[in-house]
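Engineer: Predicted structure and sequence below. I'll ask about it afterward.
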Amino acid sequence: MRAPLRSLVILELAGALALTGCSHERPGQPPKHLILITVAGLRADHLSSFAYPRSTTAKLPGARPEQALAIDQLGEAGVRFANAFADGDAGWREGNVLQGACAEENGDGHSLQRPMRVFRTQWNDPAAAALDQRFLETFGSDVSTHATDGATLAAAIQWTSVQDWSQSEGRVLWVHLNGPTLPWDPGSMELPTTKDTVDFGTLFTEPTYTGAAEGTLAFRDARADLSHADEQHLVDLYDGEIAKLNVLVFALLDTYRYFTREADAWPETAVVFAGVSGMTLPGDGVPWGHEIAPVDGALHVPLFLHHPASLTGRRIFETPVAVTDVMTTILAWLRAPHPTFGSGRSLLNHVDGQPAGAFPERPTVTRFADGTVSVRDERWRWTQGPDGTGRLIDAGRDPRGEGDLQAQHPDVTRRLRAAAQDL
């Protein structure tokens, strides 16, 4: 599996907001600034806001009302897409976010040259930099890579602290986090709200557990037989990683509000929080500890849009949406022209309740290096393996995908198979 990207990208948007290109005027006051937070290895069903019984992403103890900046609270005060899925080329998910297109559409899933040219042309930003040696070309005035998510957040906070927020130009801060990917060893951290130190490694674990399970690549690859207690311990460690991530996101947004308080930038800032991949866990019916697998644990990701001044309509949407929709949405939100390539859709058209046809509803399609294809809508998942054998499951009733309902629902099978062929 490709090593995870750990990065911080910062863009100056000089002149961007003077551009037009949306097909309709958005309601309310459009955002001036944007914070894009992308996270690897974060499965939606382990967030508290997705009815997970543990408080993994809930409000921090001691947080004041104006500090409603935990992950759950972004969704509560903004718009949450309950059925967002990683799509396109499953091996290049960070690229899918920036492209608004998957590998089949872009011609090369590991090249961002075409979309980066679009950004530099539209936003008049001539700077380009290599990003962790995996993006052939990127954009921005400042790029840095860091070994840990804590270091990445520290760099983002440092950048925020030295900006002159009284200037009229809008700014974009993109932070990509490694997230709860292996190894699962979250360690301890001081809460910024209460100053209490929390050991996230033991936050959810059973104190009486005495087994040898650990969330490392070496332990996973040893393929040791796992007891039920071992499996639960691994899930406990994963949840601790998410709880720590929640604190990091809170710290970033809270310090952003602090350093931009004189310019009152927060009400003018749109926040996009997007998972780019999930993570398989024991009990998913596939090997655990992988971001790339044709199961909901690896494909179902959180996606929140937060900017109360310009978001309208319902707060939760069940329509299936995709990672490749994020960039088209950002372009529309910042009133920049939309790209002419890729299948990415502006989610704002759906949020605003535009007439039917403005937002093309369709299943999400994910392709894997071995030829496997996974197609997902609100209820069904159809998967075709490298040998051409297909399987249809009711994802809500059979999350492990152990059955096959193709014979009972041939119409659904034909529809999802056609969606895969149309991509």
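Structural biologist: Alright, I've got the coordinates. Residues are numbered from 1 along each chain as shown.

Engineer: Could you grab the helix/strand/coil label for the residue nearest to Asp404 when sequence neighbours are not counted?
Structural biologist: Nearest residue to Asp404, sequence neighbours excluded (Cβ to Cβ, 6 or more residues apart in numbering): Arg391, at 4.7 Å. Using the backbone N, CA and C atoms, a C-beta is placed for each residue, glycine as well. Classification of Arg391 by DSSP: H, G, I helix; E, B strand; the rest coil places it in strand.

Engineer: ok, now Gln408?
Structural biologist: Assigned with three-state DSSP, Gln408 falls in the coil class.

Engineer: my guess is the residue nearest to Asp404 meets Trp380, correct?
Structural biologist: No - using Cβ atoms under 8 Å, Arg391 is not in contact with Trp380, being 10.8 Å away.

Engineer: Just name the shakiest helix or strand of this structure by mean pLDDT.
Structural biologist: Lowest by mean pLDDT, DSSP states H and E among the helices and strands of the chain is helix 113-123, with a mean of 38.

Engineer: which residues does the closest residue to Arg367 other than its chain neighbours bridge with?
Structural biologist: Distances taken as Cβ to Cβ, 6+ apart put Val373 closest to Arg367, at 5.5 Å, once the chain neighbours are dropped. Beta-bridge partners for Val373, by DSSP bridges, are Arg367, Gln384.

Engineer: pretty sure Val373 is touching Pro386, no?
Structural biologist: No - using Cβ under 8 Å, Val373 is not in contact with Pro386; the gap is 9.4 Å.

Engineer: Which one of the two is surrounded by more residues?
Structural biologist: Neighbours per residue, other Cβ atoms under 10 Å: of Val373 and Pro386, the larger number sits with Val373, 22 against 11.

Engineer: Check the more buried one and give its pLDDT.
Structural biologist: pLDDT for Val373: 91.

Engineer: where do the contact lists of Val373 and Pro386 overlap?
Structural biologist: Residues touching both Val373 and Pro386 (Cβ atoms under 8 Å, 6 or more residues apart in numbering): none.

Engineer: that older thread, who are the contact partners of the residue nearest to Asp404?
Structural biologist: Contacts for Arg391 were tallied using Cβ under 8 Å, 6+ apart; they are 382-385, 401, 404, 406.

Engineer: okay, these in TSV with pLDDT next?
Structural biologist: Listed next are the contacts of Arg391 as TSV, based on pLDDT from 0 to 100:
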residue	pLDDT
Trp382	92
Thr383	92
Gln384	91
Gly385	89
Gly401	74
Asp404	91
Gln406	91
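
Engineer: what ranges do the strands span in the stretch 251-400 of the chain?
Structural biologist: 269-275, 300-301, 303-306, 316-317, 321-322, 364-367, 373-376, 380-384, 390-394 (DSSP state E, counting those that start in this stretch).

Engineer: so which of the ones you listed comes closest to Ala44?
Structural biologist: strand 300-301 (4.7 Å; Cβ to Cβ).

Engineer: tell me which element His176 falls in.
Structural biologist: strand 171-177 (DSSP states H and E).

Engineer: quick one: strands adjacent to that strand?
Structural biologist: strand 7-12 (antiparallel), strand 33-39 (parallel).

Engineer: out of everything not next to it in sequence, what's closest to Tyr209?
Structural biologist: Closest to Tyr209 by Cβ to Cβ, 6+ apart is His233, at 5.2 Å.

Engineer: Can you mark which positions in the host helix or strand of the one you found are buried?
Structural biologist: In this assignment (DSSP H and E), His233 forms part of helix 228-259. Within helix 228-259, the residues that count as buried by 16 or more other Cβ atoms under 10 Å are 230-257, 259.

Engineer: residues contacting the residue nearest in space to the middle of the chain?
Structural biologist: Nearest residue to the geometric centre of the chain (Cα atoms, centre = their mean): Gly275, 1.6 Å. Gly275 makes contacts with 38-40, 42-44, 84, 86, 179, 301-303, as judged by Cβ under 8 Å, 6+ apart.

Engineer: List the beta-bridge partners for Leu303.
Structural biologist: So, taking DSSP bridges as the rule, Leu303 has Ala274 as bridge partners.

Engineer: confidence score at it?
Structural biologist: We have a pLDDT of 96 for Leu303.

Engineer: Verify the stated contact: it with Ala322.
Structural biologist: No - contact criterion Cβ under 8 Å: Leu303 and Ala322 do not qualify, at 9.0 Å.

Engineer: Looking at these two, which one has more neighbours?
Structural biologist: Neighbour count, other Cβ under 10 Å: between Leu303 and Ala322, Ala322 has more, with 29 against 26.

Engineer: burial measure for Thr197, as a count.
Structural biologist: Thr197: 9 surrounding residues under other Cβ under 10 Å.

Engineer: ignore the last one, Leu392
Structural biologist: A count of nearby residues for Leu392, using other Cβ under 10 Å, gives 23.

Engineer: Dig out what it forms beta bridges with.
Structural biologist: Per DSSP bridges, the residues bridged to Leu392 are Trp382.

Engineer: how about it, what does it touch?
Structural biologist: Listed by Cβ under 8 Å, 6+ apart, the contact set of Leu392 reads 380-382, 404-406, 409, 412-413, 416.
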